[in-house]
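> quick one, structure for this:
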Amino acid sequence: MTILYVGIDLAKNVFAVHGVNEAGKPEFVFPKVARAKLLELIASLPPCVIGMEACSGAHHWARQFIAHGHTVRLMAPKFVSPYRLSGKRGKNDAADAAAICEAVQRPNMRFVPIKSLQQQSQLSVHRVRQGFIEQRTATINRIRGLLSEFGIVLPLKVSTVRSQAMACLEDLPGWSNTVIGDLLSELTRLDERIALYDRHIAQMASEDTRARQLMRLRGVGQTTATALLAMIGNGHEFKCGRQFAAWLGLVPSQYSSGGKARLGHITKAGDPYIRSLLVLGARAVLNAAQNKTDGISRWATALAVRRGYWRAIVAIAAKNARMAWAVLSRGEQFTMPA
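Coordinates of the predicted model:
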């Protein structure tokens, strides 16, 4: 019988493969497959649907399997675990592969967009830049913490920490002078790295027509536009803009029962990096709306007065997410609202 669905539990060296036939019976089961043999094994199959969890290396394997004529579906691990028949106590690679094979057959399953090589390379620029920013923040906090041991308490403002730490450098005793000097040098190096990656992102944005169209939205700059392109591509995995906003975690969580709707805080699901970029852009939109009279500015200002500052920011971020999805999914057919 023909193998219709295959579930693969990804790993570094040893993989588990579970395939079912037309009757839904396991017929292609390999609990242990070496990494060097996986592609050869899958290539021997006729075209079928392959399910995998979205994890490290999943997009690479997806591209490899698609090249051999298969249809690949990536799923979030939290959507796969309920289909593990052995439950939490019976977790192993073979059980995970069987659960993936079962989950990929569900008609209402939500899948993760498969990234191209270009998308992954662009996303790596964002990940490394964000890592440098986190290192810079940690370095600044380390400087403030060490100086506080000598009675020098600096404020949170970054520029003030730099200037005052440099000013008091010569007055520090013993080895502390060397330590703070090295940290300030490291801070300068990180600034140069971040500035370099900012130029990389600016170049990516200038070379992509879709990124330039995204930047026409208020609150969407070069970093947000290129991050959206690297993460979701054309956005065709989402049926509508609200589904994309929900995927980002910008919609309220629900605790509804008995016909009574109870809405809580936003879910904060999805990628926190893109969500934070949209929120930062929404803050800029709301702050600039105080001196403008256009429709969007009036709506944002009135919303902040009626519902509060932070709820207005989340609403603006969700609106930008929905409009960004429309730009990416419709392409040149999208008309920017007045």
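> what's the burial count for residue 225?
By the measure other Cβ atoms under 10 Å, the count of residues near residue 225 is 26. Quick note: C-beta positions are derived from backbone N, CA and C, even for glycine.
> dump the helix or strand containing it to PDB, restricted to CA.
Using DSSP states H and E, the element containing residue 225 is helix 222-232. Provided in PDB are the C-alpha atoms of helix 222-232 (Å, rounded to 0.1, in the frame of the first residue of the first chain):
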ATOM      1  CA  GLN A 222      13.800  49.100   8.100                       C
ATOM      2  CA  THR A 223      14.300  46.700  10.900                       C
ATOM      3  CA  THR A 224      10.700  45.800  11.300                       C
ATOM      4  CA  ALA A 225      10.100  45.400   7.500                       C
ATOM      5  CA  THR A 226      13.100  43.100   6.900                       C
ATOM      6  CA  ALA A 227      12.200  41.100  10.000                       C
ATOM      7  CA  LEU A 228       8.700  40.500   8.800                       C
ATOM      8  CA  LEU A 229       9.900  39.400   5.400                       C
ATOM      9  CA  ALA A 230      12.500  37.100   6.900                       C
ATOM     10  CA  MET A 231       9.900  35.600   9.200                       C
ATOM     11  CA  ILE A 232       6.700  35.100   7.100                       C
END
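> mean confidence (pLDDT) on that helix, please.
Average pLDDT, helix 222-232: 96.
> after it, which helix or strand is next?
helix 241-247.
> for whichever helix or strand comes after that next one, give the mean pLDDT please.
Counting by DSSP H and E, the next helix or strand C-terminal to helix 241-247 is strand 252-254. The average pLDDT within strand 252-254 is 89.
> what's strand 252-254 packed up against?
strand 263-266 (3 or more Cβ pairs under 8 Å, 6 or more residues apart in numbering; DSSP states H and E).
> what does the strand it packs on rub up against?
With Cβ atoms under 8 Å, 6 or more residues apart in numbering as the contact definition, strand 263-266 has outside contacts at 249, 250, 251, 252, 253, 254, 255, 256, 314.
> and the helices in this protein?
Assigned by DSSP state H, the chain shows helices spanning 35-43, 58-67, 77-80, 93-103, 117-148, 158-167, 175-207, 209-214, 222-232, 241-247, 272-288, 295-307, 309-330.
> if you rank the contacts of strand 263-266 by neighbours, which is first?
Counting by other Cβ under 10 Å, top hit in the contacts of strand 263-266: residue 250 with 28 neighbours.
> OK, contacts around it?
266, 275, 278, 314, 317, 318, 321.
> chain neighbours aside, what residue packs nearest to it?
residue 318 (4.2 Å; Cβ to Cβ, 6 or more residues apart in numbering).
> quick check: the gap between that neighbour and residue 84.
Going from residue 318 to residue 84 by Cβ to Cβ, to the nearest Å gives 34 Å.
> so between those two, which is more surrounded?
Set residue 318 next to residue 84 and count neighbours by other Cβ under 10 Å: residue 318 wins out with 25 against 18.
> that one touches residue 245, doesn't it?
Yes: the criterion here is Cβ atoms under 8 Å, and residue 318 meets it with residue 245 at 4.6 Å.
> give me the common contacts of the two.
residue 251.
> identify the bridge partners of the nearest residue to residue 6 once chain neighbours are set aside.
Nearest residue to residue 6, sequence neighbours excluded (Cβ to Cβ, 6+ apart): residue 19, at 4.2 Å. Counting by DSSP bridges, residue 19 is bridged to residue 6, residue 28.
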